[in-house]
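Engineer: Quick one: sequence and predicted model below, then my questions.
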Amino acid sequence: MLGPDGRITYWNAAAERMLGAPREGVLGLRLSDAFMGGDEAAVRARLAEIRGGPLRLDGGELFPGAPRGLTVVATRAEGGVALQLRAPDAEAERSLGLLDSIRHGCVAVDAQGRIAYANRAARGVLGARREAAAGTEIWPLLPEEPAVLRRTLAAALADGRPRRLQALQVEAEPFRGRFFDIWTRPLAGGGASILFEDVTTRIERDKDLARYAAEAEEASRAKSRFFAAASHELRTPLHAIVGYTHLLATSTFGPMPAEAERAAERSGMCAEHLARLVDDVLLLSTTEIDRLRIAPVRMAPAHFLHTTLEPLRVQAEAKGLRFTIAAADGLPELESDPERLRQVLQAVVGNAVKFTPRGSVSVEARADDSVALEFRVADTGPGIPPDERERIFEPFEQLCDPSRTDSVNRGTGLGLTIARQLTTRLHGTLVVEDDAPDTGTVFRLRVPLDFPV
């Protein structure tokens with residue numbers, strides 16, 4: 001209790017415990033002499049704000065060194081002033097401690113924009129000392145630019161609606177060089193909470209990732225350009241080698257020893273294999289950079305299928321395989337790119353012939369609800385395990401023993417990769433059947449009857 005002259009007239013045991021000041025040492029003293037270092041004007045100015053109702057004060061304003069969170073409720077009483085000291089609530093103290101420990105700035109302001117609470121991170125962001133933060137207007141602490149920050153906070157205080165600013169960059173101190181996500185949310189009873197999340201690290205990381213992605217994309221384009229250029233340059237001499245070895249193997253320049261003919265024949269096979277590999281690499285690099293031209297035309301599926309697969313039928317029968325084509329003449333016309341579709345079918349059926357040691361290879365064409373045409377390619381080869389059915393479409397992936405050196409018979413590992421990419425360009429799908437038999441493999445190639453515009 002303070003008398004009319006501002007001297008302490010009553011001091012109970014609870015006040016002794018809270019402030020650590022025995023009553024004998026403070027009774028009769030002015031509050032300013034006992035706790036404020038003689039600043040009587042400051043005490044009177046603060047207590048003069050009491051009108052008809054109580055005035056809630058921060059304990060640190062009247063009692064420097066008071067426990068954090070101590071509040072003082074001042075009311076007029078008996079011509080003087082009654083000061084009720086309220087110890088901080090333990091749960092509230094834990095909450096404030098938790099807010100102080102987070103790395104994001106958290107500020108609560110009243111409806112007039114005065115700071116009611118600011119955690120440690122927020123005081124660092126705003127450049128406000130702890131003792132200066134409470135009751136201070138937030139507007140002088142905010143940078144002038146960008147103006148959207150002030151407008152957003154003012155709008156949130158005016159209409160009580162939450163708002164968010166993303167990756168806001170501020171050049172003024174103490175924000176310089178930093179990026180913030182800023183949330184404003186209304187508080188019960190008026191005012192708003194403001195959360196400053198420093199996202200500088202995230203923004204810089206995203207910029208680094210974007211730069212790395214751009215560099216990787218440029219490296220991929222350079223790789224594709226290199227493959228395309230190198231493949232074109234390799235084609236001419238390879239075709240010459242294939243032609244000349246064929247002339248030697250067929251004794252065009254005169255009789256040769258049998259061993260020389262076999263050597264020429266083997267050289268020709270290797271050269272043809274290398275030429276196919278170069279063609280595959282060129283085609284793969286072309287499809288990767290999306291420059292392959294698609295020219296759809298209308299065609300009869302049965303005639304197209306027999307014409308396309310005739311060379312593979314000859315190869316299959318030469319291996320002793322039974323080769324069948326089932327395509328009814330009544331199938332609807334197909335609109336697609338015949339050259340690209342031929343490449344897909346030859347890759348899939350060619351694989352079936354190559355990797356089927358005995359038995360049969362069959363190709364069936366059938367319409368699917370007048371929307372798509374499906375080609376079903378089945379063989380009696382060793383089959384493909386379920387967990388390998390997607391890997392075979394990856395570049396250079398092969399299921400045969402990698403230690404084998406007869407690469408001519410193993411293939412390049414690019415055929416199915418190119419086939420699936422071409423199928424996608426044709427707006428179709430190429431998959432291995434899930435319910436394929438234990439022995440053998442079944443591929444399903446499905447393309448639309450009418451090429452999409």
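Structural biologist: Thanks, I have it. Residues are numbered from 1 along each chain as shown.
Engineer: Does the closest residue to residue 86 other than its chain neighbours have any beta-bridge partners, and if so which?
Structural biologist: Closest residue in space to residue 86, ignoring its immediate chain neighbours: residue 71 at 4.7 Å, by CB to CB, 6 or more residues apart in numbering. (C-beta placed from N, C-alpha, C; glycine too.) Taking DSSP bridges, one obtains residue 58, residue 86 as the residues bridged to residue 71.
Engineer: so what secondary structure elements neighbour whichever strand or helix holds residue 157?
Structural biologist: Taking DSSP states H and E as the criterion, residue 157 maps to helix 148-159. In terms of contacts (3 or more CB pairs under 8 Å, 6 or more residues apart in numbering; DSSP states H and E), helix 148-159 is packed against strand 163-170, strand 178-186, strand 192-198.
Engineer: Contacts for the last one, please.
Structural biologist: Going back to what we said before, that points to strand 192-198. With CB atoms under 8 Å, 6 or more residues apart in numbering as the test, strand 192-198 has contacts from 103-109, 121-122, 125, 138, 153, 156-157, 160, 178-187.
Engineer: residues making contact with the helix holding residue 157?
Structural biologist: Identification of contacts with helix 148-159 by CB under 8 Å, 6+ apart yields 109, 111, 113, 138-139, 142-144, 161-163, 165, 168, 170, 182, 184-186, 191-192, 194.
Engineer: contacting residues around the residue nearest to residue 86?
Structural biologist: Residue 71 makes contact with 56, 57, 58, 59, 85, 86, 88 under the criterion CB under 8 Å, 6+ apart.
Engineer: and which of those is nearest residue 248?
Structural biologist: Ranked by distance to residue 248 (CB to CB), the contacts of residue 71 are led by residue 88 at 100.2 Å.
Engineer: separation between the residue nearest to residue 86 and residue 35?
Structural biologist: Distance of residue 71 to residue 35, given as CB to CB, to the nearest Å: 16 Å.
Engineer: How about residue 453?
Structural biologist: 86 Å.
Engineer: what's downstream of the lengthiest helix in the chain, the next helix or strand?
Structural biologist: Across the chain, the longest stretch assigned as helix under DSSP state H is helix 200-249. Next along the chain after helix 200-249, taking DSSP H and E as the criterion, comes helix 258-288.
Engineer: Buried residues of the very next helix or strand once past that next one, list them for me.
Structural biologist: Counting by DSSP H and E, the next helix or strand C-terminal to helix 258-288 is strand 297-299. Residues residue 299 are the ones in strand 297-299 that count as buried (16 or more other CB atoms under 10 Å).
Engineer: again, but for stretch 17-34
Structural biologist: Quick answer for stretch 17-34 (16+ other CB under 10 Å): 18, 19, 21, 26, 30, 31, 32, 33, 34.
Engineer: And for stretch 248-257?
Structural biologist: Here stretch 248-257 shows 248, 249, 256 as buried, counting by 16+ other CB under 10 Å.
Engineer: what do you get for stretch 190-199?
Structural biologist: Neighbour-count burial for stretch 190-199, counted by 16+ other CB under 10 Å, picks out 191, 192, 193, 194, 195, 196, 197, 198, 199.
Engineer: Return the distance of the helix holding residue 157 from the chain's centre.
Structural biologist: 32 Å (CA atoms, centre = their mean, to the nearest Å).
Engineer: what's the answer for stretch 341-350, then?
Structural biologist: The answer for stretch 341-350 is 36 Å, by CA atoms, centre = their mean.
Engineer: so residue 138 sits right up against residue 110, yeah?
Structural biologist: No - assessed by CB atoms under 8 Å, residue 138 is found out of contact with residue 110, at 9.8 Å.
Engineer: Surely residue 370 and residue 332 touch.
Structural biologist: Yes - between residue 370 and residue 332 there is a contact under CB under 8 Å: 6.4 Å.
Engineer: For those two, list the residues in contact with both.
Structural biologist: residue 449.
Engineer: Tell me which of the two has more neighbours.
Structural biologist: The neighbour count for residue 370 versus residue 332, taken as other CB atoms under 10 Å, is higher for residue 332 (13 against 9).
Engineer: Report the separation between residue 241 and residue 266.
Structural biologist: Distance, residue 241 to residue 266, using CB to CB: 13 Å.
Engineer: Downstream of the helix or strand bottoming out on mean pLDDT in the chain, the next helix or strand is which one?
Structural biologist: One helix or strand of the chain scores below all others by mean pLDDT, DSSP states H and E: helix 407-410, with a mean of 47. Downstream of helix 407-410, the next assigned helix or strand under DSSP H and E is helix 415-425.
Engineer: Packing partners of the following helix or strand past that next one?
Structural biologist: Using DSSP H and E, the helix or strand that follows helix 415-425 in sequence is strand 429-432. If you count contacts as 3+ CB pairs under 8 Å, 6+ apart, strand 429-432 packs onto helix 415-425, strand 442-448.
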